[in-house]
Structure formats: C-alpha cells, structure tokens
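*Asks:* give the three-dimensional model of this entry:
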Amino acid sequence: MEDIYTRQQPTFCAILAIFDKVFTIIFTIELLLKWFGYGIRKYFTSGWNFLDFIIVIVSILGTALDLFNVAEIPAFKSMRTLRALRPLKALS
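*Replies:* Model prediction:
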C-alpha cells in the first residue's frame, strides 16, 4: 500500500507501521507454532514453509532496522520490496 506519497501523510504512514508490526508478530507466532508442530527438520522439507521462513526473517529484519532508524539506508531499502512476498503466505 506504500507509494511515493505515503511519507507525506503521517497518519496513514503510522497506521501502516502499526499493521506491519502486527503482521510480523502474527507471522512469527505462526512460524514458531509450526516449528513445534512439525519439528524444525520436517518444517523445512516443504517449499512453502521455506518461503514463509524467508518472509518472516525479512519482516523481522525490517522491523529491527526501523527501530534503529537505519531502514532508509539504500542497501536496506531493497529489503522492503521483499516484504511484498507476504501475500504469498495466503496461497500456502
């Protein structure tokens, strides 16, 4: 939902940041529950689960970078595009 005008709307930007954190927490809990349910070795035998793992790690890293105010560094900005993979979790 981000575009070039998002940063000009502070309320909308704040709401997106909250949703980002909420979904990161939900996906992390889902990952941990699957690890306990399947076991870590069996979890990684599925391609969908491996993709879910990558998406969760990128989300956690993105949230951590936002907390330390280093997310605007060009090398880390490209990680934001990887967050666009989140809708693929719904397909699995």
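*Asks:* going by C-alpha atoms from here, please, whenever you check contacts or count neighbours.
*Replies:* OK.
*Asks:* give me the residues contacting stretch 21-37.
*Replies:* Tyr43, Asp52, Phe53, Val56, Ser59, Ile60, Thr63 (C-alpha atoms under 8 Å, 6 or more residues apart in numbering).
*Asks:* list the ones among the residues you listed that fall in strands.
*Replies:* Counting by DSSP state E, no part of the contacts of stretch 21-37 is found in strands.
*Asks:* quickly name whichever of these is closest to Gln9.
*Replies:* Thr63 (20.1 Å; C-alpha to C-alpha).
*Asks:* which residue sits closest to the closest one, ignoring its sequence neighbours?
*Replies:* Nearest residue to Thr63, sequence neighbours excluded (C-alpha to C-alpha, 6 or more residues apart in numbering): Lys21, at 7.0 Å.
*Asks:* over the helix or strand where the one you found lies, what's the mean pLDDT, rounded is fine.
*Replies:* Here Lys21 is covered by helix 10-38, with elements defined by DSSP states H and E. Confidence for helix 10-38, expressed as mean pLDDT, is 89.
*Asks:* and Trp35, how many residues sit next to it?
*Replies:* Using other C-alpha atoms under 10 Å, Trp35 has 16 neighbouring residues.
*Asks:* how much space between it and Val70?
*Replies:* 30 Å (C-alpha to C-alpha, to the nearest Å).
*Asks:* could I get the pLDDT score of Ile57?
*Replies:* pLDDT, Ile57: 89.
*Asks:* next, the buried residues of stretch 47-58.
*Replies:* Asn49, Leu51, Asp52, Phe53, Ile54, Ile55, Val56, Ile57, Val58 (16 or more other C-alpha atoms under 10 Å).
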